[in-house]
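Peer 1: after the sequence you'll find the predicted model.
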Amino acid sequence: MVRVTTTDRRTALRATAGLLTAGAFTAGCATSGAVAHPAPTTHASGKPPAAGPRHFSGQPAQLTHGPRTHPRVALTFHGQGDPAIARALLTEAEKHGARVTVLAVGTWLDAHPDLARRILDGGHDLGNHTLHHLDINAMSEAEATQEITGCADRLRRLTGSIGTWFRPSRTARASPLVERLAHRAGYPHVLSYDVDSLDFTSPGAPAVARKVLGEVRNGSVVSLHFGYDDTVAALPAVLEELDRRGLAAVTTTELFS
């Protein structure tokens, strides 16, 4: 496991965190087939529409990790919280040549619509993390449907696509009902994860880095969050160590392709 408490690294992490003024925000979260929802060739923004969901043959309806045979991992971020922190995380990832997956909350997109294109323009995946980020497994069919389709509608309006993935809110795995509703809404797979950073508990940047690096391996899908200073401060150490181990940080679509 990498040591994240050396003098040089502490200095670098403090410098990164010092750029931020916002505090913590509450968050929670094979061969490819055809695109489920073909997008138009142009979009109102004047830019190409975002990629839509894809079906990965041979993969289950709920995905927790990618192939263990390839040295690639997916860093996935629950999209909610201070937009300054979101931008800092995206910039840090891009500085290291990493591409991530952002599962955005619909109301967050309402408040910060420019971030949808910022994510896509950086080469990252953008997906659906429900409309209000409530406990979707505890909802009725009608309520859960609205949570999924409400966020999908916002993604379509902003990007021309419903997004590449759906991840349920306030839970690692979708119930059978939510899984069916997501499929009905156009998402062939529900995206879960096999490494939980626990960054939303604000344990400190070294603890976040230790948790991720202690569990990550070929094919891992890592759960992280926008909205937490610890995540920003931990990300350089995580990316440096992944690079040292020869693990490429790619989008989830790339991970399964």
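Peer 2: Right, received. Where do you want to start?
Peer 1: tell me the secondary structure at residue 70.
Peer 2: Under DSSP: H, G, I helix; E, B strand; the rest coil, the three-state class of residue 70 is coil.
Peer 1: residue 53 versus that one, what's the distance?
Peer 2: 22 Å (Cβ to Cβ, to the nearest Å). Glycine gets a C-beta too; all of them are placed from N, C-alpha and C.
Peer 1: more crowded one of the two?
Peer 2: residue 53 (24 against 14; other Cβ atoms under 10 Å).
Peer 1: in which helix or strand does residue 253 reside?
Peer 2: helix 252-256 (DSSP states H and E).
Peer 1: residues contacting residue 131?
Peer 2: Shown here is residue 131, whose contacts under the criterion Cβ atoms under 8 Å, 6 or more residues apart in numbering are 105, 106, 107, 146, 147, 148, 150, 151, 154.
Peer 1: and the second one, how many residues sit next to it?
Peer 2: Think residue 106. Count around residue 106 with other Cβ under 10 Å applied: 23.
Peer 1: likewise for the third one?
Peer 2: For residue 107, the count of nearby residues is 16 (other Cβ under 10 Å).
Peer 1: now the helices for the protein?
Peer 2: Ranges of helices in the chain, per DSSP state H, are 7-18, 83-95, 106-111, 114-121, 141-159, 176-185, 205-215, 229-245, 252-256.
Peer 1: with only the CA atoms kept, save the helix holding residue 253 in PDB.
Peer 2: Extracted in PDB, the C-alpha atoms of helix 252-256 (Å, rounded to 0.1, in the frame of the first residue of the first chain):
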ATOM      1  CA  THR A 252     -16.500   2.900 -17.200                       C
ATOM      2  CA  THR A 253     -17.500   2.500 -20.800                       C
ATOM      3  CA  GLU A 254     -13.800   1.900 -21.700                       C
ATOM      4  CA  LEU A 255     -13.400  -0.500 -18.700                       C
ATOM      5  CA  PHE A 256     -16.100  -2.800 -20.100                       C
END
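Peer 1: how about residue 177: what's its closest non-neighbour residue?
Peer 2: residue 141 (6.3 Å; Cβ to Cβ, 6 or more residues apart in numbering).
Peer 1: surely that neighbour touches residue 175?
Peer 2: No. Using Cβ atoms under 8 Å, residue 141 is not in contact with residue 175; the gap is 10.6 Å.
Peer 1: which of those two has more residues huddled nearby?
Peer 2: residue 175 (16 against 11).
Peer 1: give me the nearest residue to the more buried one, chain neighbours excluded.
Peer 2: Per Cβ to Cβ, 6+ apart, closest to residue 175 is residue 137, 4.5 Å.
Peer 1: quick check: which ranges of this structure have low pLDDT?
Peer 2: Along the chain, the model assigns pLDDT under 70 to residues 1-46.
Peer 1: again, only this time at 50
Peer 2: Judged against pLDDT under 50, the low-scoring parts of the chain cover residues 1-42.
Peer 1: and residue 194, how many neighbours does it have?
Peer 2: Look at residue 194: counted by other Cβ under 10 Å, it has 18 neighbours.
Peer 1: what is the neighbour count of the residue nearest to residue 175?
Peer 2: By other Cβ under 10 Å, neighbour count at residue 137 equals 16.
Peer 1: who are the packing partners of the helix holding residue 253?
Peer 2: strand 72-79 (3 or more Cβ pairs under 8 Å, 6 or more residues apart in numbering; DSSP states H and E).
Peer 1: any residues in contact with both of residue 141 and residue 175?
Peer 2: With Cβ under 8 Å, 6+ apart as the test, residue 141 and residue 175 reach no residue in common.
Peer 1: so what's residue 196 closest to, chain neighbours aside?
Peer 2: Leaving aside its chain neighbours, residue 196 sits nearest to residue 223 (4.9 Å; criterion: Cβ to Cβ, 6+ apart).
Peer 1: please apply the same query to residue 86.
Peer 2: residue 226 (4.4 Å).
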